[in-house]
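Visitor: what's the 3D shape of this:
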Amino acid sequence: MNSARRLFPGLDLVRFFAAGLVTIYHLGFILWLAPAGPAATTLHDAYLPLEPYVASGWVGVPIFFVLSGFVIAFSAEGKTAPEFLQRRAARLYPAAWICTAISAAVTLGQPDWLRRLLHSLLLSPVGPWIDPVYWTLGVEIMFYALVALVLWSGRITVSRLGAGLVWFGTGFWLVRVADFLLGSPLRQAFAVLDSMPALTLISSACHFGLGITLWDMTVNGTDRAKTVRACCGAVGGLIAVAATARFNILEHHEPAALMLAAPALYATALLVIVASTGRLSARFERAAPRLRTLGLLTYPLYLVHLQVAAFAMPHLAVLGAWPALLLCTVLVVALAALVMVLERWPRRMILRAGASGPQGGRFGRRYTN
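Guide: Next comes the predicted model:
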């Protein structure tokens, strides 16, 4: 099977699902968790009944990481390291520049504004950023760098990288579970690891590795070793999600239902990913154009929704909490759609810059990932 000629539109459905989870988590919960001012207090009180249903929306981020493992393996196949990095730059930077400008406009005058703006325009893996959600881009960029290093070396395949990430990530979380069951004798060691930046990929390795493994099974066929590896990656991912849910419950007093809701959402997303690349893929392909639009919408939606909502919803609260939520949701989706249109020109410029190089024929292929 040649993955270069395959599309997996079902993944766009999962991507939009994950973006929706994160968006409603922020708009309907986390922004008003510690209200500052009368309008924010009004929104907090109105949305309190939503808490058990939307407080697990952060699980959209690990779902994104699994999707990234699959899509990046797809994108890296048959590429050199420079080709891969240029295509990733064309995918990330144009939308990020436009979304950064929007977020900068609504946060003008806030502390450390210029530094946060520059870090966001450059997509610096290290913050502060104009919008807190950019931290995940730093994690993604470090994962891209790891994939590029593998491509550059020529000695390790992307499939083996996925295997290494699965075993490392799942092993890490299994050791944490054993430590918890034994009364936390390694508490200090894990405290040090927890203080390290997410850029180390320690806590997210199992998600990326699982995504690569699912790609490997889809493109290169399934065998017993890959099936075992995928199951181990799924176990590691579920443990990671459950551990995060437990932390949120204990530290942030979020609903205890998170212990079940977050892993259930993660498992559901995995099942849809498997279905969309397996026997049910033809069903998703019938709706490919519409699903592709949703998939392209998710990246700008993820980048633009938080700061716009934090600015707009207190002003819209005079209309009522629920109209404010509805109108702001429409606003951020419309802005994401606008960004999706505007980013095409700078993306083409980046790709054309590569197409004019010595390997222009390969750089100039249609960009789909």
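Visitor: and the gap between L199 and G236?
Guide: Separation of L199 from G236 (C-beta to C-beta, to the nearest Å) stands at 19 Å. Heads up, the C-betas are built off the backbone N, CA and C, glycines and all.
Visitor: Stretch 336-354: which residues count as buried?
Guide: A336, V339, M340, E343, R347, I350, L351, G354 (16 or more other C-beta atoms under 10 Å).
Visitor: Show me what that stretch is in contact with.
Guide: 83, 86-87, 89-91, 93-95, 97-99, 102, 296-298, 300-301, 303-305, 360, 363-364, 367 (C-beta atoms under 8 Å, 6 or more residues apart in numbering).
Visitor: Got a quick PyMOL command for the buried subset of these?
Guide: Filtering these down to the buried ones (16+ other C-beta under 10 Å) takes a single PyMOL command:
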select buried, resi 83+86+87+89+90+91+93+94+95+97+98+99+102+296+297+298+300+301+303+304+305+363
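Visitor: I'd like the list of the contacts of stretch 336-354 that fall within helices, please.
Guide: The helices, defined by DSSP state H, take in 83, 86-87, 89-91, 93-95, 97-99, 102, 296-298, 300-301, 303-305, 360, 363 from the contacts of stretch 336-354.
Visitor: What separation do you get for the closest residue to V177 other than its chain neighbours and G127?
Guide: Excluding its sequence neighbours, the residue lying closest to V177 (C-beta to C-beta, 6 or more residues apart in numbering) is I239, at 6.2 Å. From I239 across to G127, the span is 27 Å (C-beta to C-beta).
Visitor: which one of the two has more residues nearby?
Guide: Remark: of I239 and G127, I239 carries more neighbours, 19 against 16, as counted by other C-beta atoms under 10 Å.
Visitor: The more buried one and W173 touch, don't they?
Guide: Yes. Taking C-beta atoms under 8 Å as the definition, I239 is a contact partner of W173 at 4.2 Å.
Visitor: gap between S203 and F190?
Guide: Counting by C-beta to C-beta - S203 and F190 are separated by 11 Å.
Visitor: quick one, phi psi at the spatially most central residue of the chain?
Guide: Nearest to the mean C-alpha position of the chain, by C-alpha atoms, centre = their mean, lies F64 at 3.3 Å. Note on F64: its backbone torsions stand at phi -60, psi -40 [degrees, to the nearest 10].
Visitor: Many thanks, have a good one.
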